[in-house]
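Trainee: return atomic coordinates for the entry below.
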Amino acid sequence: MNVMKACIALARRQAAEAGEEPFAAIIVKDGVIVAEGVNQMTELHDPTAHAEMQAIRKACESLGSVSLEGCELYTSCEPCPMCLGAIYWAKPDVVYYACDIKEAATFGFDDEYLYKELSLPVERRELRMIRVNPEGYTEPFEVWTNRNKPMS
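Mentor: Residues are numbered from 1 along each chain as shown. I've put the predicted structure just below:
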């Protein structure tokens, strides 16, 4: 099975031909496809419904884990910063991609702006972000840390 060819066909058939942005992703574990995803942003009115995000959600649910260790992720295009962040959190063993971000930009999908913005200090980004620290703002972290301390 050529997984990348299947991924490209999925991007065409279930995304581009359906009016969605032309992206797809497939996750494989031990030679078996455990999840597929296509962009569904328009259909679901959800800017996070990228192909990789959809595939990661389905794979994690199917595997009963937040970890994709031991898995391979195939995607029709180099992941955007949001998807790349989710991929890093999910920890697949490898990511294979077809188009790179420069090729995608020639078709109107320009993620370079996001990569540049994320490399800037918070105060220099176009999106205004303001830190607010009400009393007790670290309590959720403290509770989590205390609940997850190793037993001695």
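
Trainee: what about residue 33, which helix or strand?
Mentor: Assessed by DSSP states H and E, residue 33 sits inside strand 32-38.

Trainee: average pLDDT for whichever helix or strand comes after that strand?
Mentor: Sequence-wise, the next helix or strand downstream of strand 32-38 (DSSP H and E) is helix 41-44. The pLDDT scores in helix 41-44 average 93.

Trainee: and the next element down the chain from helix 41-44?
Mentor: helix 51-63.

Trainee: let me know how buried residue 50 is, in neighbour terms.
Mentor: Neighbourhood size, residue 50 [other Cβ atoms under 10 Å]: 25. From N, CA and C alone the C-beta is placed, and that goes for glycine too.

Trainee: now it. Nearest residue, chain neighbours left out?
Mentor: In this structure, residue 50 finds its nearest non-sequential neighbour in residue 83, 5.2 Å apart by Cβ to Cβ, 6 or more residues apart in numbering.

Trainee: wait, that neighbour sits on residue 54?
Mentor: No. Using Cβ atoms under 8 Å as the test, residue 83 is too far from residue 54 to be in contact (9.9 Å).

Trainee: okay, and the most centrally placed residue in the chain sits in which element?
Mentor: For the chain, the residue nearest the mean C-alpha position is residue 83 (2.3 Å; Cα atoms, centre = their mean). Element membership for residue 83, per DSSP H and E: helix 81-90.

Trainee: report the buried residues of whichever helix or strand comes after that helix.
Mentor: Under the assignment DSSP H and E, the closest C-terminal helix or strand after helix 81-90 is strand 94-99. The neighbour-count check on strand 94-99 (16 or more other Cβ atoms under 10 Å) flags 95, 97-99 as buried.

Trainee: tell me the contacts of residue 100?
Mentor: By Cβ atoms under 8 Å, 6 or more residues apart in numbering, the contact set of residue 100 is 77-78.
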